[in-house]
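In: Give me coordinates for this.
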Amino acid sequence: MLAYGSICGNVTYSFGVFLPSIGQTFGWSRSMLSSSYTFFLMIGGLLSPVAGLTVARFGARKNIVWGNIIASLGLLGMSQVSQIWHIYIFFGIMCGVGMAFSEYLSATTVINNWFLQKRSLALGFLFAAGGASGLVMPPLISFLISSLGWRQSWVCLAGFHLLLGVVLAGFMIRNTPEEMGQFRDSMALTPGVSATTDVAESSSQSTVADWSLRDALLSPFLWIIVALFSLLFFVYLMLVTHQVVYLQDLGYRPMLSAQALGLMLGMSILGRMISGVLGLRFDGRHLVMAFLGLMILGVVSLMNAREIVFVYAYSVLTGIGFGGLIVIRPNLIGAYFGRTNFSRIVGWTAPVVTIASAAGPLFAGFLFDRTDGYRLPFAIAVALLFGGCVLAFFLRPPTVPKDS
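Out: Purely as a prediction, here's the structure:
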């Protein structure tokens, strides 16, 4: 939670707070600055296969420590920028490397290594930490900028990130329970019980063995999961990028439009915890369909948001739905394909999700320019989410190949 929350709050959610001040200082356009953030996201996603290999070989703890050291240096470098290409180096590349090696993949690998029966609950806490940092850090960073200026604020952020993501997280994290004479769910080893014995793996929701990377990549069920969450992030980034300007086009005040985005993020924290609890009792594919249903209702509310009640309905329903879904993705992969090659499997599939995510905002902007409105892209978003429900219906724990 320290490692994941720190890089979410100090890196991923921080750039937008600095954007107006940096743009005003140098006269750079929003599109120039925003493109560097897109570059950061692409670096973080496309390096995931490499990060997956290093996690499998050296352990998630080293990835988290070294990735956050690089990210801290990138944040420190942002205090010295004077040319636009500096941002691409310090934030795009260095912070992108930090995100790839120390955020989602490494953190979920640690959770998957340590938890089995209560894995979904542990993932719920993990992702709730990321959402909470998204609520706390932007106003704190804004306060620092107003008090110290944006350059000194980057220095403070670098030091804070070094403390949380490197010193504290690195000191506390252990890669596997076997390092401490335990096995998953913190149960002490007893004579005659293997460290790899997973009592709950007989559940109909789980696999019975660890899959190889090759066999997992050949499984249609893995690609159903990848397609499903590519659709999800495509729609989600489309919404968060365009919802504020869409609401302003409908005549809502800028403050209320921004508050709707904040409420959605806050509700996503609730969704993450709800998903973590429900995941202990219900099949992941059924939860996927339920949370996607909430998002469908949320987007339909947004399309009819000429009354304020529909704005709040959109924020609550979409926030809970998305928050619940991001917990399920690593839980499904861990349950279906085991833990030995978890980081490799996630790493090799993450670029697909990343590219789909980056395409969402561009797609909506293209359709807006062609139709002079958001009704068509939002209608397509509803159709894509419904398609995700159909994909989820076909999810099943795959049959383990005979040679695994």
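In: For Gln182, what are phi and psi?
Out: Gln182 has phi and psi values of phi -130, psi 180 when expressed as degrees, to the nearest 10.
In: what about it, how many residues close to it?
Out: By other CB atoms under 10 Å, 16 other residues sit near Gln182. No exception for glycine: its C-beta is placed from N, CA and C like everyone else's.
In: can you pull the pLDDT of it?
Out: At Gln182, the predicted lDDT confidence score is 79.
In: again, but for Pro191
Out: Per-residue confidence at Pro191 stands at 44 (pLDDT).
In: And Ser194, by the same measure?
Out: In the predicted model, Ser194 carries a pLDDT score of 44.
In: Could you find the closest non-adjacent residue to Asn113?
Out: Thr176 (4.7 Å; CB to CB, 6 or more residues apart in numbering).
In: Please tell me how far the one you found sits from Ala335.
Out: Look at Thr176 and Ala335: by CB to CB, to the nearest Å, they are 18 Å apart.
In: How about Trp150?
Out: Trp150 is 44 Å from Ala335, by CB to CB.
In: same question, Met42
Out: In this view, Met42 and Ala335 are 29 Å apart by CB to CB.
In: Looking at these two, which is more packed in?
Out: Comparing Met42 with Ala335 by neighbour count (other CB under 10 Å), the higher total belongs to Ala335, at 24 against 17.
In: Might one say that the more buried one is in contact with Pro397?
Out: Yes. Taking contacts as CB atoms under 8 Å, Ala335 lies within contact range of Pro397: 6.9 Å.
In: ok, now which ones touch Gly360?
Out: 233-238, 241 (CB atoms under 8 Å, 6 or more residues apart in numbering).
In: quick one: which of the residues you listed is nearest to Gly388?
Out: Proximity of the contacts of Gly360 to Gly388, judged by CB to CB, is greatest for Val235, which lies at 8.6 Å.
In: Identify the residue spatially nearest to that closest one, adjacent ones excluded.
Out: Counting by CB to CB, 6+ apart, the nearest residue to Val235 once its immediate chain neighbours are dropped is Ala381, at 4.5 Å.
In: and what of Asn341?
Out: In this structure, Asn341 finds its nearest non-sequential neighbour in Leu213, 4.9 Å apart by CB to CB, 6+ apart.
In: Just give me the neighbour total for that neighbour.
Out: Counted with other CB under 10 Å, the burial measure for Leu213 works out to 19 neighbours.
In: ok, now Pro351?
Out: As a burial measure, Pro351 scores 15 neighbours (other CB under 10 Å).
In: now stretch 136-155: mean pLDDT?
Out: Stretch 136-155 shows a mean pLDDT of 88.
In: returning to what we had before: pLDDT score for the residue nearest to Val235?
Out: Ala381 carries a pLDDT score of 94 in this model.
In: same question, Arg30
Out: The model's pLDDT for Arg30 equals 64.
In: One more: Tyr13?
Out: Reading off the model, Tyr13 has pLDDT 80.
In: Can you tell me how far it is from Tyr37?
Out: As for Tyr13, its distance to Tyr37 is 11 Å (criterion: CB to CB).
In: Next: Gly159.
Out: As for Gly159, its distance to Tyr37 is 22 Å (criterion: CB to CB).
In: more crowded one of the two?
Out: Neighbours per residue, other CB under 10 Å: of Gly159 and Tyr37, the larger number sits with Tyr37, 18 against 13.
In: any idea which helix or strand carries that one?
Out: Tyr37 belongs to helix 30-46 when assigned by DSSP states H and E.
In: Flag every buried residue along that helix.
Out: 33-34, 36-37, 39-45 (16 or more other CB atoms under 10 Å).
In: name the helices or strands packed onto it?
Out: Using 3 or more CB pairs under 8 Å, 6 or more residues apart in numbering; DSSP states H and E as the contact definition, the elements that helix 30-46 packs against are helix 15-26, helix 84-87, helix 96-102, helix 342-371.
In: Can you lay out these as TSV showing distance to Ile326?
Out: TSV is the format used below for the helices and strands packed on helix 30-46 (distance: least, CB to CB, whole Å):
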stretch	distance to Ile326
helix 15-26	19
helix 84-87	27
helix 96-102	15
helix 342-371	11
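In: Highest mean neighbour count out of those?
Out: helix 96-102 (a mean of 28; mean count of other CB atoms under 10 Å).
In: now for that one, which elements pack on it?
Out: Contact partners of helix 96-102 among helices and strands, from 3+ CB pairs under 8 Å, 6+ apart: helix 2-7, helix 30-46, helix 48-58, helix 60-78.
In: Quick check: end-to-end length of stretch 10-20?
Out: In terms of CA to CA, to the nearest Å, the two terminal residues of stretch 10-20 are separated by 17 Å.
In: what about the stretch 1-150 of the chain, any weak spots by pLDDT?
Out: Applying pLDDT under 70 to the stretch 1-150 of the chain picks out residues 30-31.
In: Ok, the stretch 151-300 of the chain next?
Out: Applying pLDDT under 70 to the stretch 151-300 of the chain flags the ranges 185-208, 254-255, 257-258, 261.
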